[in-house]
Structure formats: structure tokens, C-alpha cells
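Peer 1: predicted structure and sequence below. I'll ask about it afterward.
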Amino acid sequence: MSTIKTPIIPSRQHFVQVEGDKELDKEAICIFVATGFFLDTDTYWKNQKVLAPASQNLVDESGILIESKPWFQWQYNQRDITFEKALEEFTSLFEQIIAEQLQDNKVILPLSGGLDSRTQAIAISKLKNSVTSYSYSFKGGYPESNIAKKIAKSCGFDFKEFKIEAGYLWPNLEELVAINNCYSEFTHPRQMAVLEDFKKMEGVFSLGHWGDVLFDRGAPEGIASEQLMPMILKKVVKKGGMELAQALWDEWSLDGDFDSYLKDRIATLLNKIDIQNTSAKFRAFKSMYWAPRWTSINLSVFEAAHPISLPYYDDRMCQFICTVPEEFLADRRLQIAYIKQQNPQLAKITWEAQKPFNLYTFEKNITPHNLPYRAGNKLNRTIKEAIGKPYVQRNWELQFLGMENDEKLQDHLFSENLHPFISKPLIAKFYNHFKNVDAVKYSHPLSMLLTLAVWNKNRKNG
């Protein structure tokens, strides 16, 4: 027997066996195609599960799960403290976590135009570690690296800029399958495009995942508890996801209907969270079921190059969040105050989510103050499209658009007969919808079908 304790937000999946025959969990797969992640402890198989977050687990010598109990419960125990006190505590805790995670190692820091990595940059700049920072932008898209480069220069970090090229997925597909085991669709981990560049670097990654969830309002102010379910569905279900899930549900002749099954599963999980504040409850739901099964999956790509550290995943940070008044977390108040207090120069650099404004001026990102920028941006995109250079905004555009991408995509989708797992007519229907009806809506279903096709091929060959 062995005991396994999982973190509050696990950075990797730990698979165990449960009693039962090895049978596809088709209901779980339908949720996977609708949302892009497996829910709760689900996997592709009914006799295999993933250990739950924040759980103490007893596993026997054969890897069979005997018992699982929670050691931590998300809660909302706000203390009667001032914002200044909360900021002081956050500063101390965050910088302590950063220092403990990195120790005296060289650091590899991904930088964006947002707040999470900017907050990390400040804490890391106080250490004596050697830092290599980097950022990447889509070829033909918004030059995100321009903001990151300014942050790196202000902190005195070395900086590398990468361009994510079209079609990078296909030569890296088999390696990605080996890394994430098809537990995420393939168009999101753009870091695969530069994995070989990562391997040439030295150090420990300091990754800013989940900071934007912990340090923001979980739900809009004043939302009622009965509104949580539709809000969760709106957040987690991808465009076209319900349509594909229901199509598979019908093809596999599963009982009932997918919509009812999904809502029942989410309601059951939501009811287990004993938090009255709806904003805090939604944040807890996302941290329990979204972070470990969606955000964490492709952390393994970074880990394929070097060790990773995640300051916002730290158990102490999650426990701290449970005690901070919701109004201090809302609208990124704590992070903004930290950046202004600790490094005013970084606060003056454009905040990508509020561009062209910064942390001192972002409240002006309303009409009429933002009209000149919006007009100029739209004109720039219109000119590019007019000369045959479409503005790239999403990963799938680099993977699915164009003749070469289409040939690779069709080869993976149609070269083998996937029946009875997925019929060719069903695949053809969604492929044709992507090509001829609405590429944006059907990009997710197409990506999920690609993921399932590759997974099925690998499980038959493996």
C-alpha cells in the first residue's frame, strides 16, 4: 500500500485503476469534446481515474485506488483586514514562494503583456538569479512580444522573441501525443513550436498559470446562485462543442441526452462546494475542475525541456486566496497595486488586455478615450486583409487554414476507418461545416475530432 497526497491544484495527472472492466467511458469523452477537458476524475476509460485535487489517497501494489479523502476544502473565510494589509501579506507570501521555488537556479521566464508574468518579473528581479525571458507572437498576429520586450528591458533580463509559424503542429504531433497523451486538443499548446529552442536554454521555468483566475473576481458582482450553472456552461463549453458531443452521444446510442447529463454532472460537483459567495464559489469550481484538467495538461510541454515552478499553484497561495475579501481580488486590484508599489516603471508599460493603456490609465479604456486606438487597429487589420495578409488571432488558424494544413488534417481524419469509435460520415459532416459553414464555430469540433482520431490510432498501435 502507498499513500499519495495531491496538491490543491495538481500540475500533472496521477492515474490510478478502479474496479471494473476496461471499457471506454463514452459519456466522459462526450464532455471532453464539448469542453476540451475531462471533468473531475474522468479519463478515456471507466476503470481508470485521475486522483482528485487536494486529496489523500490509498493505493495498493497493483495501482488500484482503495480510498480517497479530501485534505483541503475551498472556502470563503474573508478576514476583516484592510486592503493595505492584504497587499502586504500578498507581497510577502508571493516573494517567499518565488524565492523558495527558484532558489539559486537560472530562471526561464515567459513574459506576456498581462499582469501575472509582470508580477513574477518584479519578484524575480529582486533575486540574484540569472534570468532568460521570452515571448512569442503569431506570425501575422498582434506583436505581443513588443510589450514583453519592454518588461524584460526594464528588469534587466535577457530576452528572446519567437514567432509561431503556420503548420508547426504536424511535424511535432507525435511528440505532443507522447507528452500530453491526448488529454488536450492539439491546437492550444503553441509552446510546441519552440520546444527545441526551450531545450537549448538553461534553468527552471517560472510559469504564471492561474494567476488571472485567483486574482480577479470569480463571477460578476451581484450574480445569484441560480445563475452559476448557465455561467459555468457558457465558460466551459466551446463553440460547436455541444453539437459534436450530442452527435457522438447519439451515434454511440447512450441513454438520455448529453445536455441533461452534462448539467447533472456539473450541478453535482457545484453542490459539493460549501461556499455562499457566488464569486468565490465559481473561482473554487474552476480551480478544482478546470485548472487541473485543462490548464495543467500542457504544462508537460514545458517540463519536457526543463523543470517547472508555478507560484500561483502553490498550496499556500490557494489557502491565502480563501481568506482575502472578494472586493480586494476583483478587477486584479492586488496585482495592480503590487506592481505600482514595487516597480512603477513596469506599471507604465502597456497592459495588453487594456491596450493601449497601462496600469495608471486603463480606466480610460472606454468610449470616447479608446476610439482612436480602436479605429487605427481596425484600419490596420483591414489593410492587411486587403493585401492578402489576414490577421491571425487564434492557434487553429495556423494549423487548419491553407492547402498544406488541409492535406495534413484530412490525412489524419480520413486515412483510417475509425468506425465503430467514430464514423466517417460524422467526421465528414463537421469537417464540411468547418470548410463551408463557419470556420470559427467548427474549429473546436474539428480539433477534438483530430485529437480523438490520433488517440484511437495510438491506442490500437500501442
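Peer 2: Arrived safely.

Peer 1: buried residues in the particular helix or strand that has A267 in it?
Peer 2: Using DSSP states H and E, A267 maps to helix 258-271. By 16 or more other C-beta atoms under 10 Å, the buried positions in helix 258-271 come out as F258, Y261, L262, R265, I266, L270. For every residue, glycine as well, the C-beta is placed using N, CA and C.

Peer 1: my guess is the last one contacts P230. True?
Peer 2: Spelled out, that is L270. No. At 11.8 Å, L270 does not count as touching P230 under the criterion of C-beta atoms under 8 Å.

Peer 1: tell me which stretches of the stretch 301-450 of the chain form helices.
Peer 2: Secondary structure of the stretch 301-450 of the chain (DSSP state H, counting those that start in this stretch): helices at 315-321, 326-329, 333-342, 344-347, 371-386, 395-400, 403-414, 424-436, 439-461.

Peer 1: again but with the stretch 51-200 of the chain, I slipped
Peer 2: Under DSSP H, counting those that start in this stretch, the stretch 51-200 of the chain gives helices at 83-102, 116-125, 145-155, 169-180, 195-200.

Peer 1: need the winner for burial among the ones you listed.
Peer 2: helix 116-125 (a mean of 23; mean count of other C-beta atoms under 10 Å).

Peer 1: please put the alpha-carbon coordinates of that one into CSV.
Peer 2: Extracted in CSV, the C-alpha atoms of helix 116-125 (Å, rounded to 0.1, in the frame of the first residue of the first chain):
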residue,chain,number,x,y,z
ASP,A,116,0.7,37.5,-14.0
SER,A,117,4.2,37.3,-15.5
ARG,A,118,4.7,41.0,-14.9
THR,A,119,4.1,40.3,-11.2
GLN,A,120,6.6,37.4,-11.3
ALA,A,121,9.1,39.6,-13.1
ILE,A,122,9.2,42.0,-10.2
ALA,A,123,9.6,39.3,-7.6
ILE,A,124,12.3,37.6,-9.6
SER,A,125,14.2,40.8,-10.3
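
Peer 1: packing partners of it?
Peer 2: helix 83-102, strand 107-110, strand 131-138, helix 145-155, helix 211-214, helix 333-342, helix 344-347 (3 or more C-beta pairs under 8 Å, 6 or more residues apart in numbering; DSSP states H and E).

Peer 1: ok, 6 Å please
Peer 2: helix 83-102, helix 145-155, helix 333-342 (3 or more C-beta pairs under 6 Å, 6 or more residues apart in numbering; DSSP states H and E).

Peer 1: can you name every helix or strand that the first one contacts?
Peer 2: It refers to helix 83-102. helix 116-125.

Peer 1: and P344, how many neighbours?
Peer 2: By other C-beta atoms under 10 Å, the residues close to P344 number 11.

Peer 1: and of the buried residues of helix 258-271, the nearest to D40?
Peer 2: Nearest to D40 among the buried residues of helix 258-271 is R265, at 7.5 Å by C-beta to C-beta.

Peer 1: and the pLDDT at that closest one?
Peer 2: Model confidence at R265, given as pLDDT, is 97.

Peer 1: which non-adjacent residue is nearest it?
Peer 2: L39 (6.1 Å; C-beta to C-beta, 6 or more residues apart in numbering).

Peer 1: wait, the one you found sits on I31?
Peer 2: Yes. The pair L39 / I31 is scored as a contact, 4.9 Å apart, by C-beta atoms under 6 Å.

Peer 1: who has more neighbours, those two?
Peer 2: Ranked by neighbour count (other C-beta under 10 Å), L39 and I31 place I31 first, with 24 against 19.

Peer 1: the helix or strand hosting that one - what's its average pLDDT?
Peer 2: Secondary structure assignment for I31, by DSSP H and E: helix 26-35. Average pLDDT, helix 26-35: 98.

Peer 1: apart from its neighbours in sequence, what residue is nearest the residue nearest to the spatial centre of the chain?
Peer 2: Geometric centre of the chain, nearest residue: T295, 3.3 Å, by C-alpha atoms, centre = their mean. The shortest distance from T295 to any non-neighbouring residue, by C-beta to C-beta, 6+ apart, is to H209 (5.4 Å).

Peer 1: give the rounded mean pLDDT of stretch 205-225.
Peer 2: Mean pLDDT, stretch 205-225: 92.

Peer 1: CA atoms only for that stretch, dumped as PDB, please.
Peer 2: Provided in PDB are the C-alpha atoms of stretch 205-225 (Å, rounded to 0.1, in the frame of the first residue of the first chain):
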ATOM      1  CA  PHE A 205      10.700  27.700 -15.800                       C
ATOM      2  CA  SER A 206       8.700  30.100 -13.600                       C
ATOM      3  CA  LEU A 207       5.200  29.900 -15.100                       C
ATOM      4  CA  GLY A 208       2.400  32.300 -14.300                       C
ATOM      5  CA  HIS A 209      -0.600  30.000 -14.900                       C
ATOM      6  CA  TRP A 210      -3.800  30.600 -12.900                       C
ATOM      7  CA  GLY A 211      -2.900  33.900 -11.500                       C
ATOM      8  CA  ASP A 212      -5.600  35.600 -13.600                       C
ATOM      9  CA  VAL A 213      -8.200  33.300 -12.000                       C
ATOM     10  CA  LEU A 214      -7.100  33.600  -8.400                       C
ATOM     11  CA  PHE A 215      -6.600  37.400  -8.600                       C
ATOM     12  CA  ASP A 216      -9.800  38.500 -10.200                       C
ATOM     13  CA  ARG A 217     -13.500  38.300  -9.500                       C
ATOM     14  CA  GLY A 218     -14.800  34.800 -10.000                       C
ATOM     15  CA  ALA A 219     -18.200  35.900 -11.200                       C
ATOM     16  CA  PRO A 220     -19.800  39.300 -12.000                       C
ATOM     17  CA  GLU A 221     -20.800  41.300  -8.900                       C
ATOM     18  CA  GLY A 222     -24.300  40.600  -7.700                       C
ATOM     19  CA  ILE A 223     -24.800  37.300  -9.600                       C
ATOM     20  CA  ALA A 224     -27.300  35.000  -7.900                       C
ATOM     21  CA  SER A 225     -26.500  31.400  -7.100                       C
END
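
Peer 1: which residues touch it?
Peer 2: Stretch 205-225 is contacted by residues 107-109, 116-117, 120, 278-280, 282-283, 286, 291, 295, 302, 306, 308-310, 312, 321, 329-330, 332, 334-335 when judged by C-beta atoms under 6 Å, 6 or more residues apart in numbering.

Peer 1: same check on stretch 158-168?
Peer 2: By C-beta under 6 Å, 6+ apart, stretch 158-168 touches 132-134, 136, 138-139, 145, 149, 152, 190, 193-194, 398, 404-405.

Peer 1: where's the dip in pLDDT among those?
Peer 2: For pLDDT, the smallest value among the contacts of stretch 158-168 belongs to K139: 69.

Peer 1: any stretches of the stretch 351-462 of the chain with poor pLDDT?
Peer 2: 371-392, 462 (pLDDT under 70).
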